[in-house]
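Participant: test case, fold it:
(one chain, ligands or ions: 1)
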Amino acid sequence: MKLIRVTDREALSVHAAEMIAGKVQEKPDSVLGLATGGTPEGTYQQLKKIYDRGGIDLSRVTTFNLDEYAGMPKEHPQSYHAYMQHKVFRPLQLRPEQTHLPNGTADDLEQECRRYEKHIAAAGGIDMQLLGIGENGHIGFNEPGTSFSSRTHVIQLKPSTREANARYFATIEDVPEQAVTMGIETIMESREILLLVFGRRKKEALLRLLEGEVQEDFPASVLKKHSSVTVIADEEALADVPAEVLRRFTG
Ligand SMILES: O=P(O)(O)OC[C@H]1O[C@](O)(CO)[C@@H](O)[C@@H]1O
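Facilitator: Coordinates of the predicted model:
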């Protein structure tokens, strides 16, 4: 795991967008794994700037999102489908056939999970997966305790995750209780992973990621077993990380 230290969210977003653009330049038919939530928003805005100045050709990429709330219609403003349409697919003019998200309203969610896995495999696997980290260490919506050998599955969201995401809903009761998420093994099969972490809210999670053990209680810790993970983190998120630990990851 390699750590890139940046000053703030803005610098992090610029760096992450440049890394994605670099990947697409190197492999124009890249399969990109995308995330939602607050973390990647700035990255998508920076990617749009690169796109607007003609710095990236996205016509041959394919995208797969990490997750979607279960039972939430695509048209719901807080669905990850809606998020992606507004913040990524429309601004970057991606065609519908290029983009994929799990269907949280499928009649049979187990079958939907298997379908999603098949699509990822048929596309040749994910070249670069963008990740944020939950305050409890979740990646995608893989909550603490999820098996490291999990594939795309339905997950019961932890109360703390529902609380963290309640900021996007009128009340916490409106936050869905379940989601469909790529599994940890699915994420780990990505050839390259980019984990973005910024702000005080993520301080403890980042410290535990860098210092702690690899254990299913803390899903993001599995990333230490991957051969190509870049963590981009800002000063606020890194505030409590001791210097010797920083040195270990920055080389
Ligand atoms: O980025 P946020 O909103 O802090 O959420 C943390 C992570 O949890 C998820 O929302 C779960 O999907 C990730 O996509 C996200 O990066």
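
Participant: return the distance of I232 relative to H76.
Facilitator: Distance of I232 to H76, computed by C-beta to C-beta, to the nearest Å: 30 Å. In short, each C-beta sits where N, CA and C put it, glycine included.

Participant: more neighbours, these two?
Facilitator: The residue with more neighbours, out of I232 and H76, is I232; 23 against 16, by other C-beta atoms under 10 Å.

Participant: so what does the more buried one look like in phi/psi?
Facilitator: phi -110, psi 120 (degrees, to the nearest 10).

Participant: confidence score at it?
Facilitator: Note on I232: pLDDT of 98.

Participant: so who does it touch?
Facilitator: Contacts for I232 (C-beta atoms under 8 Å, 6 or more residues apart in numbering) come out as L3, I4, V6, L12, H15, A16, L194, L195, L196, V197.

Participant: most neighbours, which of those residues?
Facilitator: Busiest of these [other C-beta under 10 Å] is L196, holding 27 neighbours.

Participant: tell me the mean pLDDT for the one helix or strand that one maps to?
Facilitator: Assigned by DSSP states H and E, L196 falls within strand 192-197. The average pLDDT within strand 192-197 is 98.

Participant: could you see whether the ligand lies near it?
Facilitator: No - using C-beta under 6 Å from any ligand atom, strand 192-197 stays clear of the ligand, with a minimum separation of 7.4 Å.

Participant: could you check the angle the helix or strand that that strand is followed by makes with strand 192-197?
Facilitator: Downstream of strand 192-197, the first helix or strand assigned by DSSP H and E is helix 203-211. Using axes from the mean of the first three to the mean of the last three C-alpha atoms, to 10 degrees, the inter-axis angle of helix 203-211 relative to strand 192-197 is 140 degrees.

Participant: which helices and strands sit right next to helix 203-211?
Facilitator: strand 229-234, helix 235-238, helix 243-250 (3 or more C-beta pairs under 8 Å, 6 or more residues apart in numbering; DSSP states H and E).

Participant: single out the most deeply packed of these.
Facilitator: strand 229-234 (a mean of 22; mean count of other C-beta atoms under 10 Å).

Participant: let's see that one as PDB, backbone CA atoms only.
Facilitator: Below are the C-alpha coordinates for strand 229-234, written out as PDB (Å, rounded to 0.1, in the frame of the first residue of the first chain):
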ATOM      1  CA  VAL A 229      -3.200   0.100  -3.800                       C
ATOM      2  CA  THR A 230      -2.600   3.800  -3.600                       C
ATOM      3  CA  VAL A 231      -4.100   5.700  -0.700                       C
ATOM      4  CA  ILE A 232      -4.400   9.500  -1.200                       C
ATOM      5  CA  ALA A 233      -5.000  11.200   2.100                       C
ATOM      6  CA  ASP A 234      -5.100  14.800   3.300                       C
END
